[in-house]
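[1] Need the 3D shape of this:
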Amino acid sequence: MNTNITITDGDYKKWVKDLALRYRRSQIKAAVKINTEQLWYNWRLGKDIVEMNVEQRWGERVIGQLSNDLREALPGVQGLSKSNIYYCKKFYLLYNGEPQIFQQLVGKTDADEVFQQLVGKLEIPWGHHCIIMDKVKGDVNKALFYISQTIENGWSRAVLLNMIGTNLYERHGKALTNFKHSLPEAESDLAREITKDPYNFAFAEITGRYNEKKLKDALLTNISKFLIELGTGFAYVGKEYRLQIGETENFIDLLFYNIKLRCYVAIEVKIDKFASRDIGQLGTYVTAVNHILREEGKDNPTIGLLICKSKDNTLAQYALESSSQPLGISEYELERFYPEKVEGTIPTIAEIEESLKDENTGTFGED
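    Numbers count the residues shown, from 1 in each chain. This is a model prediction of the structure:
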């Protein structure tokens, strides 16, 4: 008997979509967790190689021999390849080299005690760690940034590579802002964290001459990639969002809501160099959103973000200081290209299964 029925109600469809999204997120959380004992084992293996001067003591080929001997002693156990053992050494060296950072994180400086405290902050799949170690070139602050972003966003390996490739660490939180003076202290740092400078709009694939309409249309045509570039917590509200201010119609280029900050974010996109008059326009829109859309007691003060082709930093800073509204100014780039595979912050089922398999085996690049 066919029990299928057709429901066209919009609320039902939205609920089904929400249920599916919740399920995917639950799978992500499972996929980005790893047994802390595996990390602890890898750390100690790397520590032994360094402290016992293994390569100096038994020669450069000893790691290959160690791999063979461990495989013979532990038949069927994965993650014992020569390349993986070298990653264990890099893992120890990376997180043993900056005791002052670890002291700030866990209040200790003894290497073993520090790592046992720190391991809870490193719970991502071993394959992700190997990618990060390859890319950060010994910069532990950079490594910890990408680890925290992976945990927060549930990044697959492909997305992690994409984000590193766009220099997210160098761009993160770099917009010029007046948040320190225009927002409560508790909100100021968090608001700054949602900004970037420059924004990478290469995914829009715009070449040749273009105007603001063409750029904004291209951003929204690629809305999933645009949201990834904006960062975690942004929900799209509207383009050319109409605000009736007195007897005048006004239109915000792009309006978003940031769930982490619990506030509206008004974005103006300019294809020219920053001009001081832009701040007055954006400040007016922010004030209007606070009066018309913001719900007292529910939403925090609205933030404005101006994204322009270029800016004079001194002029931009002076303009920001002239406004009492929380505003930021960033540039954008069209030239730098993303790697081809940008699928969003949610991995595919195949990637989840692969990540789960790697967690169980501890393998990465097995020979």
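[2] Flag every buried residue along stretch 280-299.
    281-290, 293-294, 299 (16 or more other Cβ atoms under 10 Å). The way it works is simple: take the backbone N, C-alpha and C, and place the C-beta from them, glycine included.
[3] ok, now stretch 236-247?
    237, 239, 241, 243.
[4] Out of those residues, list just those in strands.
    237, 239, 241, 243 (DSSP state E).
[5] quick one, what contacts the second one?
    Pointing back at residue 239 there. Residues near residue 239 by Cβ atoms under 8 Å, 6 or more residues apart in numbering: 216, 220, 253-255.
[6] switch the cut-off to 7 Å
    216, 220, 254 (Cβ atoms under 7 Å, 6 or more residues apart in numbering).
[7] picking that back up, which single one of the ones in strands among the buried residues of stretch 236-247 is nearest to residue 335?
    Comparing those against residue 335 with Cβ to Cβ places residue 239 closest, at 24.2 Å.
[8] What distance do you get for that closest one to residue 267?
    To residue 267, residue 239 is 10 Å away according to Cβ to Cβ, to the nearest Å.
[9] Name the residues contacting each of these two.
    residue 254.
[10] Could you pull out the helices in the stretch 251-367 of the chain for me?
    277-292, 313-321, 349-361 (DSSP state H, counting those that start in this stretch).
[11] Now residue 217: phi and psi?
    Note on residue 217: backbone dihedrals following degrees, to the nearest 10 are phi -60, psi -40.
[12] That one: neighbouring residues, count only.
    Residue 217: 15 surrounding residues under other Cβ atoms under 10 Å.
[13] Which helix or strand contains the spatially most central residue of the chain?
    For the chain, the residue nearest the mean C-alpha position is residue 149 (4.6 Å; Cα atoms, centre = their mean). Here residue 149, judged by DSSP states H and E, is contained in helix 140-153.
[14] try residue 215
    Assigned by DSSP H and E, residue 215 falls in helix 212-221.
[15] Tell me what angle the next helix-or-strand element following that helix forms with helix 140-153.
    Moving toward the C-terminus from helix 212-221, the first helix or strand encountered (DSSP H and E) is helix 223-230. Inter-element angle recorded for helix 223-230 and helix 140-153: 140 degrees (by axes from the mean of the first three to the mean of the last three Cα atoms, to 10 degrees).
[16] tell me what helix 223-230 is packed against?
    With contacts taken as 3 or more Cβ pairs under 7 Å, 6 or more residues apart in numbering; DSSP states H and E, helix 223-230 sits against strand 234-245.
[17] May I have the strands that pair with the strand it packs on, each with its orientation?
    With DSSP bridges as the test, strand 234-245 is paired with strand 248-258 (antiparallel).
[18] still on that earlier bit, in the helix holding residue 215, which residues are buried?
    215-216, 218-219.
[19] any idea how far residue 328 is from residue 266?
    11 Å.
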